[in-house]
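**Student:** just the structure for this:
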Amino acid sequence: MKRILLCLLFASAVRADIVVPAVEAGKPFELRIDARSPYCTLPSNPRLFIAGKTILVTFEAGEPCPFEAVTPPWQASIAMPGLAAGTYHVEVRIVGSTAFVFEARDFTVSGTAPGIEISPAFDANAGNRVIRIRGSFPGAIPTVFFGNKTAEGVERISDTELHALVPFQTNVRVVDVTVRGDNYNYVLPSGFTYVGNDYRPIILPVYTNRAVPGAFGSLWQTEFRFVNLSQLTFIPGIDILYMDGDFPSGQVKSPKLTTPRDDVVDPPIAVAWIRRELAPFVSAELRVRVLVVAAERGIKFDFPFLRVAFLQQHGA
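**Tutor:** Just a heads-up that it's a prediction; the model follows:
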């Protein structure tokens, strides 16, 4: 009996492969997962996210098994758009009551480098964000396209950097970015992603790192932090927007918000974004401080952290 059980467990050891064919720049392909399911029912509802040279595929978790030995074989294919030449990191994650990395690997797309790079590579609002484009742009200011739509507000920062406003578009997902000048035409395949409704906003009605005057001579200051409650290392620009550097599990981190302005006279509304399926694993905290200093004693009052809820209950 023990021998049979050991054989079953050995046979059930999860073998996971992310299979990528020989990929040429600009040509669509299929990414395949060949593994045993970690559940009795197969993971479902694959979702694809691309940002620069990072690719994430998430699946919804299946039903758990009483024994690992009975998990079924699992194959899944994900259609990929054409990518620019370079080396990419792809990660397959499964999200349910927990979230974990199922498998990851690097692969290379062969071909000629596109000649431009952009940052950031996607955004949660469908348009009107400033994007940096780096390359070589001699002569007159070039025209920039996101898909088939012309970008507005193209500004030359230097001969090697442009700024452009992403045009609003609906019913599109991943688009090529094209920079067309007098004697050049650069194309970055799948260079920008419109994320649509894949992200949930965290809204802070007053956010400023500087002191804001209040009534009776008071001064107020706010601070905004994320707490990572998951088992994952979040990747800024993929999992959470407006934050720099990887965000390991269990850590607390203050995000760098790229918008809005830190305005003392008229404190702005701050908006950060998190992937919808990961919202249950992230806590957002808004710390409100009232700075009252008595010159003779140096007293300062500090309010505790206040939890900021996601806007799920409001239908956001």
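**Student:** going by C-alpha atoms from here, please, whenever you check contacts or count neighbours.
**Tutor:** Will do.
**Student:** can you confirm residue 64 is in a helix?
**Tutor:** No - counting by DSSP: H, G, I helix; E, B strand; the rest coil, residue 64 is not part of a helix but coil.
**Student:** so what's it up against?
**Tutor:** Contacts for residue 64 (C-alpha atoms under 8 Å, 6 or more residues apart in numbering) come out as 38, 39, 40, 41.
**Student:** how about the backbone phi and psi for the first one?
**Tutor:** The phi and psi torsions at residue 38 (degrees, to the nearest 10) take the values phi -80, psi 0.
**Student:** show me what contacts the nearest residue to it once chain neighbours are set aside?
**Tutor:** Using C-alpha to C-alpha, 6 or more residues apart in numbering and skipping residues adjacent in sequence, the residue nearest residue 38 is residue 71, 6.3 Å away. With contacts defined as C-alpha under 8 Å, 6+ apart, residue 71 is in contact with 12, 36, 37, 38, 39, 40, 41, 65.
**Student:** most widely separated two among those?
**Tutor:** With distances taken as C-alpha to C-alpha, the most widely separated pair in these is 12 and 41, at 14.7 Å.
**Student:** same drill for the two, tell me which one is more crowded.
**Tutor:** The residue with more neighbours, out of residue 12 and residue 41, is residue 12; 19 against 16, by other C-alpha atoms under 10 Å.
**Student:** now do that one, the pLDDT please.
**Tutor:** pLDDT for residue 12: 40.
**Student:** repeat that for residue 150.
**Tutor:** Reported pLDDT at residue 150 in the predicted model: 95.
**Student:** how about the contacts made by it?
**Tutor:** Residue 150 touches 143, 144, 167, counting by C-alpha under 8 Å, 6+ apart.
**Student:** residue ranges for the helices of the chain, please.
**Tutor:** For the chain, the helices defined by DSSP state H occupy 2-11.
**Student:** show the pLDDT at residue 214.
**Tutor:** At residue 214, the model reports a pLDDT of 77.
**Student:** can you give me the domain assignment for the protein?
**Tutor:** As assigned by automatic domain parsing, the chain contains the domains 2-110, 117-194, 199-314.
**Student:** and the shortest one, how far from the chain's centre?
**Tutor:** By that I understand domain 117-194. Put simply, domain 117-194 sits 19 Å off its chain's centre (C-alpha atoms, centre = their mean, to the nearest Å).
**Student:** same question, the first one
**Tutor:** Relative to its chain's centre, domain 2-110 lies at 19 Å (C-alpha atoms, centre = their mean).
**Student:** now residue 202: how far from residue 282?
**Tutor:** Counting by C-alpha to C-alpha, to the nearest Å, the gap from residue 202 to residue 282 is 11 Å.
**Student:** kindly report the same for residue 130.
**Tutor:** Here the distance between residue 130 and residue 282 works out to 27 Å (C-alpha to C-alpha).
**Student:** do the same with residue 235
**Tutor:** 13 Å.
**Student:** does residue 102 touch residue 61 like I think?
**Tutor:** No - using C-alpha atoms under 8 Å, residue 102 is not in contact with residue 61; the gap is 10.9 Å.
**Student:** those two: who's more crowded?
**Tutor:** Ranked by neighbour count (other C-alpha under 10 Å), residue 102 and residue 61 place residue 61 first, with 21 against 18.
**Student:** alright, I will stop here.
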